[in-house]
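Novice: Have a look at this prediction, sequence included:
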Amino acid sequence: MNAISPNVQQAPNDEIDLVALFHVLWDQKWLIALVSVLVGLAAAAYAFLATPEYQVQSVLRPAAIKDLDALSRTGVYELTPEQAMQRVGATLESYDSRLEFFRANQGLFEALRQPNRSLEQTFERFNQEAFKMLQPDPKKASNLSAYVGIQLTYPADVNGVAFVNGLVEHAIQTERGRIAVDLQTVIQNRLNQLELKIAAARANYEASKEAQIARLLEADSLKRAQLQDELKALRQQLKARRDNRITQLDEASRIAKALGIVKPTTPSALGEGERVAQGSVIRTEVNNQQIPLYFMGSDALEAERNALLQRRSDDFTEPRIAEISKELQLLTHNRKIEVLNQRANEDLFLKDLAIWREEAARLRNLHFDVADLKLVNVDQVAVDPLRPVKPKKVLILALGLVLGGILGLFIALLRSMLRRKSDALGLEQTSLDARAALP
């Protein structure tokens, strides 16, 4: 009888025997099939019992230039098609705008209401999970034109088509209202600015007129003072000249009396006064020297002196005094100042007032109806989808069968390993019992 040596051990085999593995799996094919069928049935139950979810979207593109031309022609509000589309897109993305539409159309979301949640909480979760904004990828150069859109994923008991189309229309109407408010605000601001310009022009005109009147009055006062000074100086000059003349006449009169000259004479006639004239004599006297005043004779000198003493004014002897009197009389009334003070409608003299009033009248009569303003072109309207996007039944069934098969194979391999380990333990126990039975 051969003894089994305890020191002899079988070398482990690390290589996988594919044929043996195939036989092991084939022996458990019904187990693998059963697991696959069970997992597939679970996947089918989910696919057919889960609430289906649908998906709709609406795409907006820039409006034509002609659609916004009337707004641009107002001259107070500029809006390009791209800007209009971006504004509508921003309103679509706005949480406040969505919540406002949600509150106004609660009948569309009755299926989402839960008794333990408020309206805002219900919308908060729906907003986070259901909406997606559609925009062109800036990294891709293949986009032919700009667009903006909104995509909604919703359960079957929610009217997603009405919600998306209604939300788009709500965003457009909201932007129209904002444009109307902005337009009226801009117009009112322009009118206020024009009123401020007119008020400033009036104040400037009043200040300019008062300054002009002050300059005219100052000039008249200065001119009047200068003329009065000149008149006073001229009268003093004339008086001094008259006094000098009287003094000269007194002196000449005394000389004439001393010489016995009573009547006007000449120096030559005075020397020949005692000669007897024979026949007719014509005497011509050439003298380049001024004849002294006393040759006028005492009678003439006395007469002139008395006349000068009786004179009350010397103004008539100087023509300049009459001119000064005329100028002083003209300065009594400044007609330019009177005309400035008598202006009935001073607004007519304001610079650019006609232009400002024309602009104000145009702005007041500017009535633009934004109801017909086409901000965007609705390129794609949300329509009822043909099939739900979730759950994808075929994919779920396929994944369920594949995962069931993999799980079945794993269970079969695990079962085979546990059986092999149990057989190895039984063989080792038999070997130990055999060795224990040896003498």
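Specialist: Sure, I can see it.

Novice: Check whether Val56 sits in a helix, strand or coil.
Specialist: Assigned with DSSP: H, G, I helix; E, B strand; the rest coil, Val56 falls in the strand class.

Novice: Oh, that last question was meant for Glu251, not what I typed.
Specialist: helix.

Novice: Point out where the stretch 251-400 of the chain drops to low pLDDT.
Specialist: Where the stretch 251-400 of the chain drops to pLDDT under 70, the residues are 270-289, 393.

Novice: In the stretch 51-200 of the chain, where is pLDDT below threshold?
Specialist: 140-144.

Novice: In which helix or strand does Ala240 reside?
Specialist: Ala240 is part of helix 160-259, with elements assigned from DSSP states H and E.

Novice: Which secondary structure elements does that helix sit against?
Specialist: strand 53-62, helix 81-93, helix 95-104, strand 148-155, helix 298-310, helix 319-330, helix 335-341, helix 353-364 (3 or more Cβ pairs under 8 Å, 6 or more residues apart in numbering; DSSP states H and E). C-beta coordinates here come from the backbone N, C-alpha and C atoms, glycine included.

Novice: and the gap between the residue nearest the centre of the chain and Leu363?
Specialist: Centroid-nearest residue in the chain, with Cα atoms, centre = their mean: Val186, separated by 9.1 Å. In this view, Val186 and Leu363 are 9 Å apart by Cβ to Cβ, to the nearest Å.

Novice: Run the chain-centre distance for stretch 173-183.
Specialist: Taking Cα atoms, centre = their mean, to the nearest Å, one finds stretch 173-183 lying 16 Å from the centre of the chain it belongs to.

Novice: cool, stretch 55-65 as well?
Specialist: 28 Å.

Novice: Flag every buried residue along it.
Specialist: Of the residues in stretch 55-65, 55-63 count as buried by neighbour count, 16 or more other Cβ atoms under 10 Å.

Novice: got a list of contacts for that stretch?
Specialist: Residues from elsewhere that reach stretch 55-65, judged by Cβ atoms under 8 Å, 6 or more residues apart in numbering: 81-82, 84-85, 88-89, 134, 145-154, 160-161, 164-165, 168, 374-385, 389.

Novice: Surely Pro264 is within a strand?
Specialist: No: Pro264 is assigned coil when assessed by three-state DSSP, not a strand.

Novice: so it makes contact with Tyr294?
Specialist: No: the pair formed by Pro264 and Tyr294 falls short of the contact definition of Cβ atoms under 8 Å, at 10.1 Å.

Novice: sorry, back to before: and the residue nearest to the centre of the chain, what does it touch?
Specialist: Applying Cβ under 8 Å, 6+ apart, the residues contacting Val186 are 76-77.

Novice: any idea how far it lies from Met85?
Specialist: 21 Å.

Novice: Lys139 too?
Specialist: Going from Lys139 to Met85 by Cβ to Cβ gives 20 Å.

Novice: hang on, the earlier thing: between the helices and strands packed on helix 160-259, which one is closest to Arg73.
Specialist: Set against Arg73 and scored by Cβ to Cβ, these come closest in helix 353-364, at 11.8 Å.

Novice: can you list contacts of the closest one?
Specialist: 76, 187, 190-191, 194-195, 197-198, 201, 347.

Novice: Helix 160-259 and that one, what's the angle between them?
Specialist: Per axes from the mean of the first three to the mean of the last three Cα atoms, to 10 degrees, the angle that helix 353-364 makes with helix 160-259 is 160 degrees.

Novice: Go through helix 353-364 and flag the buried ones.
Specialist: 353, 356, 359-360, 363.

Novice: Tell me the gap between it and the middle of its chain.
Specialist: 21 Å.

Novice: Beyond that helix, next helix or strand please.
Specialist: Downstream of helix 353-364, the next assigned helix or strand under DSSP H and E is strand 376-380.

Novice: quick one: strands adjacent to that following strand?
Specialist: Partners of strand 376-380 in the sheet, by DSSP bridges, are strand 53-62 (antiparallel).
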